[in-house]
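[1] coords below, sequence missing:
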Ligand SMILES: Cc1cc2nc3c(=O)[nH]c(=O)nc-3n(C[C@H](O)[C@H](O)[C@H](O)COP(=O)(O)OP(=O)(O)OC[C@H]3O[C@@H](n4cnc5c(N)ncnc54)[C@H](O)[C@@H]3O)c2cc1C
């Protein structure tokens, strides 16, 4: 039994069904995908969650394990421009899939010395990724000692070199002289819902993950969820939507089923929970299983967001598929969010222009589909963001875009706003935190629960578990949960 059809739950469903197990997925929403959801603005379907797909190999491996191939299931195109970045109407920098092209763009933007520093930084990011890929990212959750053991004496130098005890911000200060580049690469911490001022330098690996390829899914990211649900179904899994699980039931300390919010009881010999681990810890699945995982105290939550899904005409600035408009004071932005727990007064703005193609072609004629996102504190469970707060945030958000030359002809009738309060309603017990526990401090990555819990028959999958958030990482967690469940079944039978 799988509770939740986010990418972690869907992956577990595929893997278990492919091994011939009887699988039922219970999902409280009306469609698969979880955060990888789609909203309707007017008649247009828009991605309202993740937009940047990386680590293609993860999805290839899942499809292959299911006897198919990624190419047969999903139409993917590699983005030529990883992202466009702007600080004002005249300061603009593109990063490209081609490393040398990025280096040349950096030379033109910040000078030849910075070009060299960028290449050295990229090498470092690649080394961190390579050091951690097998012993940490793809493997069951290790402790710090376990990680050292896994890399072995030969890999120890590599582990020390990845600077686990330095913050990302200080490490980036050693790499770059141009503060704009430090800000650009510091933003990768937010891909894990974290602040570059508190995240370990290890998160620089995200830069390599992007450099390794950003993929665009034909039909939008939500399509990937639909395809994965379809694949699981073809393998025999059953899906029930609008089915909210209110309790995991135990018999002699072992999982024996679930109860739905409508009172229906469904027996099961094992359950994988794909909801946030804090939902388990805070008792949303019943008091008896709440001890299975530690709670995430509110100060340790990752970032939330305020998003606008729009269908509008965007003119005056050449948007790429992914464009970031940076705030003038990055430290103040994170202080606002994390120290003062308020919407940043001057936020950095990310825009996904869903109708722009992989080759940075011309803008579509007429209105286009846009997702605008700013980071926000995960306080959606204790604070309801009122209209004037949102309007103020919209003014600073769209004001920055105007200053950079981008005019979006907004029609409120063609916009949908999502606040941390709405994210909390969609993903209970998170406060709207979109990435589980923040990766702040070197121990944070080791504090995410692994797939196995203290309760026999109860497993976890999703972005709040090991190896971490983001679509590919949550998918990997789904693989790990399926593998743990299968291994335990075999050993119990023995
Ligand atoms: C706006 C936004 C932008 C993002 N951008 C990116 C990006 O560009 N790239 C990237 O890789 N990642 C991005 N992410 C993060 C990424 O979307 C998530 O890390 C990933 O999708 C989480 O997957 P998951 O497996 O944890 O499941 P989730 O998506 O969290 O889904 C969990 C599912 O469990 C269901 N559920 C919970 N409780 C119950 C219950 N009691 N009964 C039944 N069902 C239940 C929920 O309804 C939900 O469908 C973004 C997220 C958001 C919101």
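    Nice, thanks for sending it over. As the structure is a prediction and not an experimental result, all values here were calculated from the model.
[2] use CA for all of it now, contacts and neighbours both
    Will do.
[3] the ligand contacts on the stretch 201-350 of the chain?
    Proximity of the stretch 201-350 of the chain to the ligand, by Cα under 6 Å from any ligand atom, involves residues 243, 244, 245, 246, 274, 275.
[4] now, those residues that are in strands?
    245, 246 (DSSP state E).
[5] now list the buried members of the residues of the stretch 201-350 of the chain next to the ligand.
    243, 244, 245, 246, 274, 275 (16 or more other Cα atoms under 10 Å).
[6] any chance of JSON lines for those, columns distance to residue 193?
    Output for those, formatted as JSON lines (distance: Cα to Cα, whole Å):
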{"residue": "243", "distance to residue 193": "28"}
{"residue": "244", "distance to residue 193": "26"}
{"residue": "245", "distance to residue 193": "27"}
{"residue": "246", "distance to residue 193": "27"}
{"residue": "274", "distance to residue 193": "18"}
{"residue": "275", "distance to residue 193": "17"}
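[7] for these, give me JSON lines that also has pLDDT.
    Formatted as JSON lines, those follow (pLDDT from 0 to 100):
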{"residue": "243", "pLDDT": "98"}
{"residue": "244", "pLDDT": "98"}
{"residue": "245", "pLDDT": "98"}
{"residue": "246", "pLDDT": "98"}
{"residue": "274", "pLDDT": "98"}
{"residue": "275", "pLDDT": "98"}
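[8] any stretches of the stretch 51-200 of the chain with poor pLDDT?
    154-159 (pLDDT under 70).
[9] three-state assignment of the nearest residue to residue 187 once chain neighbours are set aside?
    Leaving aside its sequence neighbours, residue 187 sits nearest to residue 196 (Cα to Cα, 6 or more residues apart in numbering; 6.8 Å). The assignment at residue 196 comes out as coil when based on DSSP: H, G, I helix; E, B strand; the rest coil.
[10] look up how far residue 325 lies from residue 196.
    Per Cα to Cα, to the nearest Å, residue 196 is found 17 Å from residue 325.
[11] ok, these two, which is more surrounded?
    residue 196 (29 against 22; other Cα atoms under 10 Å).
[12] near the ligand, which residues of the stretch 1-150 of the chain are found?
    3-9, 26-29, 33-36, 48-53.
[13] quick one, helices of the stretch 101-250 of the chain?
    Using DSSP state H, counting those that start in this stretch, the helices of the stretch 101-250 of the chain run over residues 112-132, 144-161, 168-175, 179-186, 205-211, 222-234.
[14] could I get the ones you listed as TSV with mean neighbour count?
    Below are those laid out as TSV (neighbours: other Cα atoms under 10 Å):
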stretch	mean neighbour count
helix 112-132	19
helix 144-161	14
helix 168-175	20
helix 179-186	19
helix 205-211	21
helix 222-234	21
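[15] I'd say residue 381 and residue 431 touch.
    Yes: taking contacts as Cα atoms under 8 Å, residue 381 lies within contact range of residue 431: 4.6 Å.
[16] name the residues contacting each of these two.
    The contact sets of residue 381 and residue 431 overlap at 421, 424 (Cα atoms under 8 Å, 6 or more residues apart in numbering).
[17] neighbour-wise, which of those two wins?
    residue 431 (26 against 18).
[18] that one in helix, strand or coil?
    Going by three-state DSSP: residue 431 is coil.
[19] wait, isn't it in contact with residue 419?
    No: with contacts counted by Cα under 8 Å, residue 431 stays clear of residue 419, the gap being 10.4 Å.
[20] which neighbours do these two share?
    With Cα under 8 Å, 6+ apart, residue 431 and residue 419 have common neighbours residue 380.
[21] tell me which stretches of the stretch 351-494 of the chain form helices.
    387-403, 420-426, 444-447, 471-493.
[22] to residue 169, which of those lies closest?
    helix 444-447 (16.5 Å; Cα to Cα).
[23] which non-adjacent residue is nearest the residue of the stretch 251-400 of the chain found nearest the ligand?
    The ligand sits closest to residue 275 of the stretch 251-400 of the chain, with a gap of 3.9 Å, by Cα to the nearest ligand atom. In space, residue 275 comes closest to residue 4 once its chain neighbours are excluded; the distance is 6.0 Å by Cα to Cα, 6+ apart.
[24] any idea how far the one you found is from residue 18?
    18 Å.
[25] between those two, who's got more neighbours?
    Set residue 4 next to residue 18 and count neighbours by other Cα under 10 Å: residue 4 wins out with 30 against 20.
[26] wait, the more buried one sits on residue 26?
    Yes: when contacts are counted by Cα under 8 Å, residue 4 is listed as touching residue 26 (5.8 Å).
[27] can you give me the neighbour number for residue 308?
    What residue 308 shows, counting by other Cα under 10 Å, is a neighbour count of 20.
[28] next: residue 64.
    11.
[29] check which helices and strands the strand or helix carrying it sits against.
    Take DSSP states H and E as the rule and residue 64 turns out to sit in helix 56-65. Packing contacts for helix 56-65, counted by 3 or more Cα pairs under 8 Å, 6 or more residues apart in numbering; DSSP states H and E, involve helix 7-18, helix 70-73, helix 471-493.
[30] ok, now with 6 Å
    Contacting helix 56-65 under the criterion 3 or more Cα pairs under 6 Å, 6 or more residues apart in numbering; DSSP states H and E is no other helix or strand.
[31] max-length strand in the chain?
    strand 304-315.
[32] who touches the helix or strand following that one?
    Sequence-wise, the next helix or strand downstream of strand 304-315 (DSSP H and E) is strand 322-325. When contacts are defined by Cα atoms under 6 Å, 6 or more residues apart in numbering, strand 322-325 is touched by residues 83, 84, 85, 86, 87, 348, 349, 350, 351, 352.
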